[in-house]
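[1] sharing a sequence plus its predicted fold:
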Amino acid sequence: MATLRFSFGTMGSGKSTVALQIHHNLSNRQLYGLLLTTLDREGNQVTSRLGVAAPAIDVAPDLDLYALAVDNWPIHYLICDEAQFYSEAQCEQLARVVDDLEVDVYAFGLLTDFRGRLFEGSKRMLELADEHSPLQVEARCWCGARATHNSRVVNGVIVYEGDTVVVGDTDDSDAQPLFGDSVRYELLCRNHFRTGGLGD
């Protein structure tokens, strides 16, 4: 019986690394599947901060994931990185891939955005998935406590309002941007997310 699995964690918890490992293991067993991502920092591929990468299909907002699976039939699995950015409809399409086509789906994503609110895709995956589990690699706040929040830092200050999706990185570079704001993301425990403490 096929299964819809949703694994989640903060940035730095190894989501992309695990996705790549599963894809490698299954493809080495002569199983055919697709690796999917959206808004990956390196484009049409799944990349891990450990330096591992593989080509992937970019999931645009209008891509029908059920139709994609049918168009690539026969298929054994889908591995979906950055699933927090998928729409509710796309999450439902993944559930249909599992139920109607009996194809295993492994989805990976962040639970919450920079405001501490559930992403649309993550919320729907929690509602639909047969299995959902936190990744076992725990990222840490600057204070040493377990990181639970992905905070957005704009020009050195934590912000709690703005567009849900703004591309940034976890690099704490002191270089001034040539144009516009400096945007990065910082892993924080709940306490420092709430109080805005960056440990500077």
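    Cool, got the structure.
[2] roughly how far apart are the closest residue to residue 1 other than its chain neighbours and residue 122?
    Nearest non-adjacent residue to residue 1, counting by C-beta to C-beta, 6 or more residues apart in numbering: residue 102, 7.3 Å away. Glycine gets a C-beta too; all of them are placed from N, C-alpha and C. Per C-beta to C-beta, to the nearest Å, residue 102 is found 25 Å from residue 122.
[3] can you check residue 98 too?
    For residue 98, the distance to residue 122 equals 17 Å [C-beta to C-beta].
[4] how about residue 165, what does it touch?
    Counting by C-beta atoms under 8 Å, 6 or more residues apart in numbering, residue 165 makes contact with 39, 85.
[5] that one: which element?
    Here residue 165, judged by DSSP states H and E, is contained in no helix and no strand.
[6] for it, phi and psi?
    In terms of degrees, to the nearest 10, the main-chain angles of residue 165 are phi -110, psi 110.
[7] packing partners of the lowest-mean-pLDDT helix or strand in the chain?
    Lowest mean confidence among the helices and strands of the chain (mean pLDDT, DSSP states H and E): strand 45-47, at a mean of 88. With contacts defined as 3 or more C-beta pairs under 8 Å, 6 or more residues apart in numbering; DSSP states H and E, the packing partners of strand 45-47 are helix 15-28, strand 33-37, strand 53-55.
[8] any residues touching the longest one, and which ones?
    Residues lying outside helix 15-28 but in contact with it, judged by C-beta under 8 Å, 6+ apart, are 7-9, 33, 35, 40, 46-50, 52-54, 76-77, 79-81, 106, 108-110, 135.
[9] returning to that earlier point: settle it for me: which of residue 98 and residue 122 has more neighbours?
    residue 122 (24 against 21; other C-beta atoms under 10 Å).
[10] residue boundaries of the strands in the protein?
    In the chain, the segments counted as strands under DSSP state E are 4-8, 33-37, 45-47, 53-55, 57-58, 77-80, 104-109, 131-134, 149-154, 157-159, 183-188.
[11] want to throw those strands into a markdown table with mean neighbour count and distance to residue 26?
    Output for those, formatted as a markdown table (neighbours: other C-beta atoms under 10 Å; distance: least, C-beta to C-beta, whole Å):
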| stretch | mean neighbour count | distance to residue 26 |
| --- | --- | --- |
| strand 4-8 | 23 | 13 |
| strand 33-37 | 22 | 6 |
| strand 45-47 | 21 | 14 |
| strand 53-55 | 14 | 12 |
| strand 57-58 | 16 | 16 |
| strand 77-80 | 26 | 6 |
| strand 104-109 | 25 | 9 |
| strand 131-134 | 12 | 17 |
| strand 149-154 | 21 | 29 |
| strand 157-159 | 15 | 39 |
| strand 183-188 | 21 | 30 |
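[12] least confident of the ones you listed, on average?
    Lowest mean pLDDT within the strands of the chain: strand 45-47, at a mean of 88.
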